[in-house]
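Enquirer: here is a sequence together with a model predicted from it:
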Amino acid sequence: MAEPILPGPLAVRVRAPAKINLTLRVGPARPDGFHPLATVYQAVSLYEEVIAMPAEPGVIDIRVSGEGADQVPADDRNLAHRAAALLARRTGMSLGVRLSINKSVPVAAGLAGGSADAAATLLACSVLWELDLDHEELLPLAAELGSDVPFALLGGTAVGSGRGEAVAPALARGSYHWVLAFADGGLSTPAVYRRYDELGPTPPEPFEVSAGLMNALRSGDARRLGPELINDLQAPALDLMPSLRKLVALAEEYQALGVVVSGSGPTVAFLVESEADAVDLTVALSGSGLCRSARYVTGPVQGARVLGV
Ligand SMILES: C[C@](O)(CO)[C@H](O)COP(=O)(O)OP(=O)(O)OC[C@H]1O[C@@H](n2ccc(N)nc2=O)[C@H](O)[C@@H]1O
Ligand SMILES: Nc1ncnc2c1ncn2[C@@H]1O[C@H](COP(=O)(O)OP(=O)(O)OP(=O)(O)O)[C@@H](O)[C@H]1O
């Protein structure tokens, strides 16, 4: 007798983290327009949540709520929509999905919120559609969706190469205290890379992560990590949004261990020694008038994972 066909899950809840780049070295543009990177990502405790529910065959329906939802398209331009469509196409899946995205990561902030949505969607649809794909199998699809998407699946602390899509876990100890200062408005990633090209010159090849940064991560000592933070996109981001200069300068006044613009900006990440210091700095930044808001996070945290089925 044939096995009865069991219905799949009614809803799958997944979360995926935002990232900061502890180091971001950028080489000259490749013929395909992308820039070769040597980067170290760290996933931080600020999460996007995606709930995937069954829908009629072929249907991909998106609802977006939360932080900056009005700035995000709820159609096939959404990275989560593209993730579900790509997974369905590659696996020959005809079932549909209704996606509810709850955003906590500000849009166009350099924190890879859209990438986190895409990573969470790949995992959620894989479970909803009972495809049984693990992270390893989802990584190539993630890389097709965007340079930052594979890391959102992987999480932790990782070295990124290629255009950022090739990720390998890094040997890292400790948990770090960060304060993220969210600027008023966002920056377009392509525009920041363009300005980087205009400002030139690029550092000589090879584009390597410094031994100092890797050693600091191995030691787990935040005091050693602070001075190693570096981002080649910081200069173009500050050039496009000059008000960020004052924000970055606050690091000295408040004796942060380090400060760096995250990715293509405009979020500024301050590294501090303790939770108490982070709370103090969050309050100070929030009242400074130099940013929209500030938020205490820790890292590293896990990549995309299922919270419930
Ligand atoms: C700034 C970072 O967040 C650092 O991790 C990433 O490099 C950006 O990653 P992302 O937003 O996932 O970027 P993608 O969606 O892959 O690419 C968006 C655009 O950014 C530029 N881009 C991106 C990655 C890269 N290595 N070189 C680039 O020049 C290209 O103009 C590209 O068309
Ligand atoms: N699910 C999504 N969430 C946010 N933005 C999205 C999404 N799908 C598409 N987008 C578009 O992508 C643009 C950038 O999104 P995102 O918030 O991921 O930027 P970012 O954090 O600066 O990315 P990165 O750091 O990877 O460069 C937005 O302007 C938005 O219109």
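Expert: Noted; the coordinates are in hand. Ligands and ions are numbered 1, 2, ... in the order given.
Enquirer: so how far is stretch 38-49 off the chain centroid?
Expert: Here stretch 38-49 is found 5 Å from its chain centre; the criterion is C-alpha atoms, centre = their mean, to the nearest Å.
Enquirer: quick one: average pLDDT of it?
Expert: Mean per-residue pLDDT for stretch 38-49: 98.
Enquirer: repeat for stretch 265-280
Expert: 97.
Enquirer: got the buried residues for that stretch?
Expert: The neighbour-count criterion (16 or more other C-beta atoms under 10 Å) identifies G265, P266, T267, V268, A269, F270, L271, V272, D277, A278 as the buried residues of stretch 265-280. (C-beta placed from N, C-alpha, C; glycine too.)
Enquirer: near ligand 2, which residues of this protein? Just list them.
Expert: 72-73, 77-80, 107-115, 117, 148, 189, 263-264 (C-beta under 6 Å from any ligand atom).
Enquirer: filter those down to the buried ones and express that as a ChimeraX selection.
Expert: A single ChimeraX command selects the buried members of those (16+ other C-beta under 10 Å):
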select :72,78,79,80,107,108,109,110,111,112,113,114,115,117,148,189,263,264
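Enquirer: what residues does P300 make contact with?
Expert: Q42, A43, V44, G155, G156, T157, A172, S175, Y176 (C-beta atoms under 8 Å, 6 or more residues apart in numbering).
Enquirer: just grab the bridge partners of the fourth one for me.
Expert: So that's G155. Q302 (DSSP bridges).
Enquirer: retrieve the pLDDT associated with it.
Expert: 98.
Enquirer: just checking, it touches Q42?
Expert: No: the criterion here is C-beta atoms under 8 Å, and G155 misses it with Q42 at 9.1 Å.
Enquirer: sec struct for whatever residue of the stretch 101-250 of the chain ends up closest to ligand 2, please.
Expert: Using C-beta to the nearest ligand atom, the single residue of the stretch 101-250 of the chain nearest to ligand 2 is G114, 2.7 Å away. Applying DSSP: H, G, I helix; E, B strand; the rest coil to G114 yields a three-state assignment of helix.
Enquirer: so who does it touch?
Expert: So G114 contacts V72, N78, L79, A80, V107, G146 (C-beta under 8 Å, 6+ apart).
Enquirer: burial count for the residue nearest to Y47 when sequence neighbours are not counted?
Expert: Among residues not flanking Y47 along the chain, R15 sits closest, at 4.4 Å (C-beta to C-beta, 6 or more residues apart in numbering). Other residues within reach of R15 by the criterion other C-beta atoms under 10 Å amount to 22.
Enquirer: same thing with S126?
Expert: Neighbours of S126 using other C-beta under 10 Å come to 24.
Enquirer: what do you get for F34?
Expert: Neighbours of F34 using other C-beta under 10 Å come to 15.
Enquirer: how close does the nearest residue to it once chain neighbours are set aside sit to R30?
Expert: Closest residue in space to F34, ignoring its immediate chain neighbours: R163 at 4.0 Å, by C-beta to C-beta, 6+ apart. Using C-beta to C-beta, to the nearest Å, R163 is found at 8 Å from R30.
Enquirer: so I101: helix, strand or coil?
Expert: I101 ends up strand, using three-state DSSP.
Enquirer: tell me the bridge partners for it.
Expert: Under DSSP bridges, the beta-bridge partners of I101 are V50, V64.
Enquirer: show me what contacts it?
Expert: Taking C-beta under 8 Å, 6+ apart, one finds E48, E49, V50, I62, R63, V64, S65, G66, V72, N78, A80, D117 in contact with I101.
Enquirer: at 7 Å what do you get?
Expert: E48, V50, I62, R63, V64, A80, D117 (C-beta atoms under 7 Å, 6 or more residues apart in numbering).
Enquirer: out of those residues, flag the one nearest to A284.
Expert: Closest approach to A284 among these (C-beta to C-beta): E48, at 27.2 Å.
Enquirer: my guess is that closest one contacts L111, does it?
Expert: No: using C-beta atoms under 7 Å, E48 makes no contact with L111, being 9.8 Å away.
Enquirer: okay, and the common contacts of these two?
Expert: V105.
Enquirer: so where's the stretch 201-309 of the chain uncertain?
Expert: Within the stretch 201-309 of the chain, the ranges that satisfy pLDDT under 70 run 201-206.
Enquirer: skipping its backbone neighbours, what lies nearest the closest residue to ligand 1 within it in space?
Expert: In the stretch 201-309 of the chain, the residue found nearest to ligand 1 is G263; the distance is 3.4 Å by C-beta to the nearest ligand atom. Distance criterion C-beta to C-beta, 6+ apart; nearest residue to G263, sequence neighbours excluded, is G110 at 3.6 Å.
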